[in-house]
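# From the sequence below, what's the structure:
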Amino acid sequence: MSSGDDSADPSGGRANAYLLESDDWDNIKALPLLDLSKQTDPEYSNTDVSSLASTRITLTVTLDQILFHFQNIEIAEQLSRIQPIQIRSGFYGLMSRLFCLNPQRLDSSLCDERNRVFAVALHPFSNHDAIQTKFLITIYQKLTGNALMDRRFGNHWEDIGFQGTDPATDLRGVGLLGLYQLLYFILSPETSHLCKEIYKLSLDKRQHFPFAVMSLQITGISLQVLREGLLNKEFNQSKCVIKVFNWFYSAVFLQLFNTWKENNKTIIDSGYVLKDIRKLVRKDVKRVILEMLNYKNNFQTNSNCNDKNTQQDITFTNLGDIFENIDIIDENTS
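Next up is the predicted model:
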C-alpha cells in the first residue's frame with residue numbers, strides 16, 4: 001500500500017516528483033521510439049473512469065495466458081500504421097553504408113511475427129478487456145507480494161514505479177507490448193531473479209528509480225533496435241522473433257542495472273544513462289545478448305554448485321543455440 005508521506009516512499013511519490021522535475025528525464029522520454037502521444041484514441045480518452053474505480057480483480061495470469069493474448073489480439077488497424085523498418089542514421093548509419101554492414105535481411109517466414117510485435121506496441125490498453133486488467137494486477141501482486149491489492153486505480157501503482165493512479169496512461173509509447181514484456185520479465189523463470197534484483201535496487205533509498213516506467217523505456221529502446229533490423233540475424237538463427245526479442249529486452253535491462261548499480265547512479269542521471277544504454281545496445285547486439293546469458297549461467301551455478309552442466313563455460317558460435325532450451329514466451333509454443 002502507498003504511504004501518504006512521499007518522502008518516506010522512495011519508490012513512489014518522491015521518484016515521480018523527480019520524473020516531473022528532471023529536465024534530463026523529460027528529454028529521454030521525448031525520444032521518438034514510438035510516438036502514440038500525438039494520437040487521440042478512444043480507449044485512452046473516453047473511458048468512464050468513475051465507473052471502473054471500484055473494480056476489484058482477484059485472479060492473476062500465467063505466461064501461457066499472456067502468450068495466447070499476444071497471438072490472438074486483433075491488430076488489423078494497428079498493422080496499417082506500423083513502421084517495421086528504419087534505415088540507421090548518424091555515425092553508425094554512415095559506417096554501415098561505407099563498409100556494407102547493413103543488417104541481415106529477415107527471413108520472410110518471420111516477417112508476420114515481427115510485424116505483430118510492432119502492431120501490439122501500437123495497441124492501447126482497454127479497460128473493457130478483463131484480462132488486460134489482470135495483467136496489471138499480476139504485475140503489482142508479483143512485485144510487491146501483496147495478494148490483497150487488486151484495485152485498478154489508486155496511488156498504490158506509484159509503489160512499483162508508475163507515474164500516477166492509472167498505469168495505462170504510461171503505456172502510450174509502447175502500448176500493450178510494454179505490459180507483455182514486463183510480465184514476461186517478472187514471470188519467466190529465466191529472468192525472474194534478475195527482475196527481483198532490479199526491483200530491489202529501484203527501492204533503494206539513494207538509487208531509487210520508477211521501476212515500471214524504466215521497463216517501458218527499455219521496451220522502447222528494444223523496439224528501436226528491432227526496427228533497425230539489428231536483431232534479424234538472431235531471429236533467423238533461432239527461427240523465432242518474440243522469444244529472442246523478449247530475451248533482448250531482458251539483456252538491455254541487465255545493462256541498465258549494471259550501469260546504475262556499479263556507477264552509483266540516481267534518478268537525476270536517468271536521462272543520460274538511458275541515452276548511453278541506447279547507444280551501447282545498438283552498437284553490439286551480440287555482446288548484449290551473451291552478457292545476459294552469462295548472468296543466467298552464473299546465477300544457475302551459484303544456485304546449484306553440484307550441477308556440472310551449469311559450472312561449465314559455454315561458448316556459442318551460433319546465437320540460435322542460446323534459445324533452444326530457454327523457457328520463455330515463444331510463439332511456437334502450444
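# For the rest of this, base every contact and every neighbour count on C-alpha atoms.
Fine.
# List the buried residues for the host helix or strand of Ser270?
Using DSSP states H and E, Ser270 sits within helix 270-283. Neighbour-count burial for helix 270-283, counted by 16 or more other CA atoms under 10 Å, picks out 270-271, 273-274, 277-278, 281-282.
# and Leu183, how many neighbours does it have?
Neighbourhood size, Leu183 [other CA atoms under 10 Å]: 21.
# for Phe125, same thing?
Counted with other CA under 10 Å, Phe125 comes out at 20.
# just the CA coordinates of the helix holding Ser270, formatted as CSV?
As requested, the backbone C-alpha atoms of helix 270-283 are provided in CSV (Å, rounded to 0.1, in the frame of the first residue of the first chain):
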residue,chain,number,x,y,z
SER,A,270,18.4,8.7,-15.7
GLY,A,271,18.2,10.6,-18.9
TYR,A,272,22.0,10.3,-19.5
VAL,A,273,22.0,6.6,-18.6
LEU,A,274,19.2,5.8,-21.0
LYS,A,275,20.9,7.6,-23.8
ASP,A,276,24.1,5.7,-23.2
ILE,A,277,22.3,2.4,-23.0
ARG,A,278,20.5,3.1,-26.2
LYS,A,279,23.8,3.7,-28.0
LEU,A,280,25.6,0.7,-26.4
VAL,A,281,23.0,-1.9,-27.3
ARG,A,282,22.7,-0.7,-30.9
LYS,A,283,26.5,-0.9,-31.2
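# Check which helices and strands it is in contact with.
Judged by 3 or more CA pairs under 8 Å, 6 or more residues apart in numbering; DSSP states H and E, helix 270-283 is in contact with helix 23-29, helix 211-227, helix 242-262.
# between those, which one is nearest to Ile82?
Ile82 lies closest, by CA to CA, to one member of those: helix 211-227, at 10.0 Å.
# for the closest one, packing partners?
Looks like helix 211-227 contacts helix 175-187, helix 192-202, helix 242-262, helix 270-283 (3+ CA pairs under 8 Å, 6+ apart).
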